[in-house]
Every structure is written in C-alpha cells, then in structure tokens.
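[1] Quick one: sequence plus predicted model below, questions after.
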Amino acid sequence: MWFKNLRIYRLTKDIDISPESLEESLAEQTFSPCANMDFSKYGWVPPLGKNSNLYTHSAGGYVMICARKQEKILPPAAVNEVVEEKVLDFEQEQTRPIYRKEKRTIKEDVIHSLLPRALTRSYLVYAYFDPKHKMLIIDSASSNKAEEFMDHLRATLGSLPVVPLKCHGDAANIMTHWLQDTAPKTFELDNECELQNPRESKNIVRCKNQELESTEILSHLKAGKRATQLALIWRDAIRFVLSDDFVIKRLRFEEIIQEQAEGEADDRATQFDQDFAVMVLQIHEFIKELLEEFGGIEKD
C-alpha cells in the first residue's frame, strides 16, 4: 500500500469529501468484471481489498480510495493475422481486391469474435484526499492513468474542481541551483538526474548511479543545461525523483519509516491502517518542507 508516486492536485473549491459522502457516492459506481463483449471496465473497490466492504478508508482526517480497471488483451499482431487470413479468403471468393471499408468491417467482426475469449489484465490506482490542506494525491507514474482516475472520480462525484499543484518557484531553476551549489539541509542529492538544454528539447543527458557533484555534471550545467529530474533524499527517510512539473516518482520509504508502522497488528486490515496512518503523516511533512523550498503553492 505504500505509495510509489505522488501526483498532487489542489482543490480549488469546497466540495463534500467526507468519508460518509464519498462512501455513498463510490458505492454507486463499484467495479464489476468485463462481460463477454466489454473492452474494459472501471470502478471503485475497497482500498483494503477483500478485508473490507467499505469503499473508503480513513485515518487522521485523510481518506483513501481505490479504483480498479480491467481490460481485455487483444494483441494487434494476433488480430491482424486473423484479419489477413479472412481478407485473403474474401479476395479469392470475390476474385477482386477488397475495399478499405470491407476490410474495416472484417476487422471489427474479428475483434468482436475474439473478445469473449480474450484474457484480461487489471490494475489498481490508489489515492487519498487531504481535506484539511485541500489536496488530492494519486499514486500513479502515468499521467494518463491519473487523468482516467480523475475523470471517473469526477463522473462519480458530479464535480471535482482540482488543478495540478504548482509552486511559485521555477522547479528546474531550483533543482539546477541545488546541483551547482548545495541542497537545503533537510534534502540530500542522491545519484540520478536528467539534464536538458532549454533551447533544444531533444538535447537530454540522463545520469544514473553517478556522483551528482562531479565535474562532469557541472560541465553540463555550465553549458546551459537545466535539471528537469533530480533524485533526492529527504531526512534520510524518503528517497524520490522530482520532476520539473512537481511530479514525484519512485518514492521509497526507508526502513526507519516503515518500522514506525510495525506493531502488534492482529490482521491485515489493522496493519493496513497502521501503514496508512504513518504514510500520510510522513508525506504531509515531506510535501510541506518541499513546498517551502520551492516558494510555496501558487494559487490563481
């Protein structure tokens, strides 16, 4: 359950995101598996999985929710192989080349014939509301999956007035300064960065497992490149990669944090609750200090 990515959105208007209200709304749009002719299905599931029937999980004022998407697997190569066989049969029977519209119809028929027998794959997207600070935080490395999550949540709630979190400071300039000089006291450079020439977007240097204070890195910065991604460590507790759009990926909680959630949990539900409580408090402090270094939240 420990989040691995943070996409942070700011609520621009007050909406009812109490656990009771969310529970009622989510329960009306629950997940159900794909039927024979469905390409995909999307819906809400209990964050605790089979350990709970509730579609929300609350701790300390934070409210977690979870979505599941299931989709049919139809490899394009497999579909095209069947289509080409049918096209060949058609042309032999009709003794003429097939028209484009006819081929399109054959492909649609093939897909519909394969759908009921297709395998499926699923994934979960976790997120939580921080009502006090008016934030929605989604655990997704993919912007498309995060957008799909918000689209479904917006349809479920009727309204979801959120915008991506933005800071007053220019993230690329600040991260570049940290590489050129030094990171603030609560942050430490890790061993990875991405540098880009602002005048030539394809001119990118990616460094991994490298000393970021090396002369090689500094030479790229002197040549005009800026940091667009930077691996950092916060208070020896959280490792992460920060992008210039303030998206946080490859989040990793060190053992010192996870040990705080260890206790005499009698079951998985209790352990989940302890993990969630520790995680959200750490993320709150982490985001708070990170925002301070980037000039605070920019509001319209």
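    Sure, I can see it.

[2] so which strand or helix has residue 189?
    strand 187-197 (DSSP states H and E).

[3] Mind giving me the packing neighbours of that strand?
    helix 171-180, strand 200-208, helix 215-222, strand 226-234, helix 268-293 (3 or more CB pairs under 8 Å, 6 or more residues apart in numbering; DSSP states H and E). Where C-beta positions appear, they are placed from N, C-alpha and C, glycine not excepted.

[4] thought residue 98 was touching residue 92?
    No. Residue 98 lies out of contact with residue 92 (CB atoms under 8 Å); the separation is 10.5 Å.

[5] Compare the two (neighbour count), which wins?
    residue 98 (16 against 9; other CB atoms under 10 Å).

[6] give me every residue that touches the more buried one.
    Going by CB atoms under 8 Å, 6 or more residues apart in numbering, residue 98 touches 87, 90, 91, 106.

[7] Looking at the residues you listed, state which has the most neighbours.
    residue 106 (19 neighbours).

[8] contact partners of the helix or strand hosting that residue?
    Element membership of residue 106, judged by DSSP H and E, is helix 100-114. Defining contact as CB under 8 Å, 6+ apart, one finds that helix 100-114 is touched by 37, 74, 78, 79, 82, 83, 86, 87, 90, 98.

[9] and if we set it to 10 Å?
    36-37, 39, 72-75, 78-87, 89-91, 94, 97-99, 118 (CB atoms under 10 Å, 6 or more residues apart in numbering).

[10] rewinding a little: please identify the deepest-packed of the helices and strands packed on strand 187-197.
    Mean neighbour count, computed with mean count of other CB atoms under 10 Å, is highest for strand 226-234 among those, reaching a mean of 22.

[11] Run through the neighbouring helices and strands of that one.
    The contact analysis (3 or more CB pairs under 10 Å, 6 or more residues apart in numbering; DSSP states H and E) places strand 226-234 against helix 171-180, strand 187-197, strand 200-208, helix 215-222, strand 238-243, strand 248-253, helix 268-293.

[12] Show me what the mean pLDDT comes to for the last one.
    What it means is helix 268-293. Helix 268-293 carries an average pLDDT of 94.

[13] what does the fifth one give?
    The pLDDT scores in strand 238-243 average 98.

[14] partners of that strand in the sheet?
    strand 226-234 (antiparallel), strand 248-253 (antiparallel) (DSSP bridges).

[15] that older thread, for the strand holding residue 189, which positions count as buried?
    Buried positions in strand 187-197, judged by neighbour count with 16 or more other CB atoms under 10 Å: 187, 188, 189, 190, 192, 193, 194, 195, 196.

[16] Okay, the third one and residue 282: tell me how far apart.
    It refers to residue 189. Distance of residue 189 to residue 282, computed by CB to CB, to the nearest Å: 20 Å.

[17] cool, the first one as well?
    Counting by CB to CB, the gap between residue 187 and residue 282 amounts to 15 Å.

[18] what does the fifth one give?
    Note on residue 192: its distance to residue 282, by CB to CB, is 22 Å.

[19] again, but for the second one
    Distance, residue 188 to residue 282, by CB to CB: 16 Å.
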